[in-house]
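Visitor: got a predicted model here, sequence first, then my questions.
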Amino acid sequence: MGSGIAQVSAAAGYETTVVEVNQKLVDRGLGMIAKNLGRLQEKGVLTAENRAAIDARIHPSTDLAALSGCDIVIEAIIENLAEKRVVYAKLDEIVQPKSIFCSNTSSLSITEMMTATKRTDRFFGMHFFNPVPVMKLVEVVRTIASDPTVYQSTVEFAASLGKTPAQTSDRGGFIVNRLLVPYMLDAIRAFEEGVGSITDIDNGMKLGCGHPMGPFTLLDFVGLDTTYYIAGIMFDEFREKRYAAPPLLKRLVMAGWFGRKSGRGFYDYADPAAPKPLDGLLR
Ligand code: 3HC
């Protein structure tokens, strides 16, 4: 998601510093941006001149110190509260005090992250959706400590990226995952109970309700590990059954079947153009 956020920021005209933990990951992120921009150029949406201008606005680094002069820092590291707190404590020392911090977390508590810094009044969630260059929504998450003026300017920044900001407060899953996660978990329960096949449940929501992807295609796209992790955080927060991971999801994650990115999940992606549903193995 970090590369997508960097892409939309640079495309919106902002000088964008990107920091990764090593050069290999920097190169991977830049490669994803190059692929996306190349596709837009091929389609004639982006001129070579504009593409060069976007590229020139992206400044890669492996050193957090490169972020010192940034006005806004958007963190999209691993979804681990302890690791995020370590990074934020370091950033708080490095980055100028007036700068805004935002986390792209999908479900961790913004409040628990912000207390690793001294800038609790200018610390927000800024939750993008996959694929970032395409999905139009950004959730902008305030906390009880937020400065209302700084929050509004952060909402305006999200809009300036060409996104529609949704304003929300720091509750597990914010708006979208609060609704989306139980929906995806319910699809797995329906499959477990024999309500329908993977294909029929996917077609039900795709063709019956006009969703761009059915729930199993979406689960594999988001990542089963990510969904399992988010569900766990939301279950801890609300203690409600609808956020509890169904046994089949747990088994898939334990087996390393994370969906599209690992080659197998509810579908087999040996031929990515024609994923094969794995009903037979998963029943
Ligand atoms: N990066 C950049 N652009 C991409 C892309 C990617 N990874 N994948 C697709 N695109 C672009 C294509 O270039 C194409 O652009 P065009 O319309 O200008 O030609 C457009 O998106 C449509 O792509 P395709 O024609 O190849 O395929 P689809 O029409 O099936 O669209 C999709 C692909 C946009 C991914 C669509 O299937 C979709 O909207 N799926 C649902 C995605 C979704 O629900 N995301 C949210 C997940 S939840 C989340 O992220 C939160 C987290 O916390 C869990």
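Guide: Great, that's in hand.
Visitor: where in the protein is pLDDT low?
Guide: Residue ranges of the chain with pLDDT under 70: none are present.
Visitor: could you pull out the strands for it?
Guide: According to DSSP state E, the chain carries its strands in the segments 16-19, 58-61, 72-75, 100-103, 123-127, 137-142, 164-169, 267-268, 276-277.
Visitor: could I get the ones you listed as JSON lines with distance to Ile33 and mean neighbour count?
Guide: (Each C-beta comes from the backbone N, C-alpha and C, glycine too.) Shown next, in JSON lines, are the strands of the chain (distance: least, Cβ to Cβ, whole Å; neighbours: other Cβ atoms under 10 Å):
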{"stretch": "strand 16-19", "distance to Ile33": "9", "mean neighbour count": "22"}
{"stretch": "strand 58-61", "distance to Ile33": "7", "mean neighbour count": "16"}
{"stretch": "strand 72-75", "distance to Ile33": "15", "mean neighbour count": "20"}
{"stretch": "strand 100-103", "distance to Ile33": "20", "mean neighbour count": "24"}
{"stretch": "strand 123-127", "distance to Ile33": "19", "mean neighbour count": "27"}
{"stretch": "strand 137-142", "distance to Ile33": "18", "mean neighbour count": "22"}
{"stretch": "strand 164-169", "distance to Ile33": "22", "mean neighbour count": "15"}
{"stretch": "strand 267-268", "distance to Ile33": "27", "mean neighbour count": "20"}
{"stretch": "strand 276-277", "distance to Ile33": "31", "mean neighbour count": "16"}
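Visitor: ok, the closest residue in space to Thr217 that isn't next to it in sequence to Glu83 distance?
Guide: Leaving out its chain neighbours, the residue that sits closest to Thr217 by Cβ to Cβ, 6 or more residues apart in numbering is Asp202, at 5.6 Å. Asp202 sits at a distance of 34 Å from Glu83 (criterion: Cβ to Cβ, to the nearest Å).
Visitor: what sits closest to Leu108 if chain neighbours are left out?
Guide: If the residues on either side of it in the chain are set aside, Leu108 comes closest to Leu81, at 5.4 Å by Cβ to Cβ, 6+ apart.
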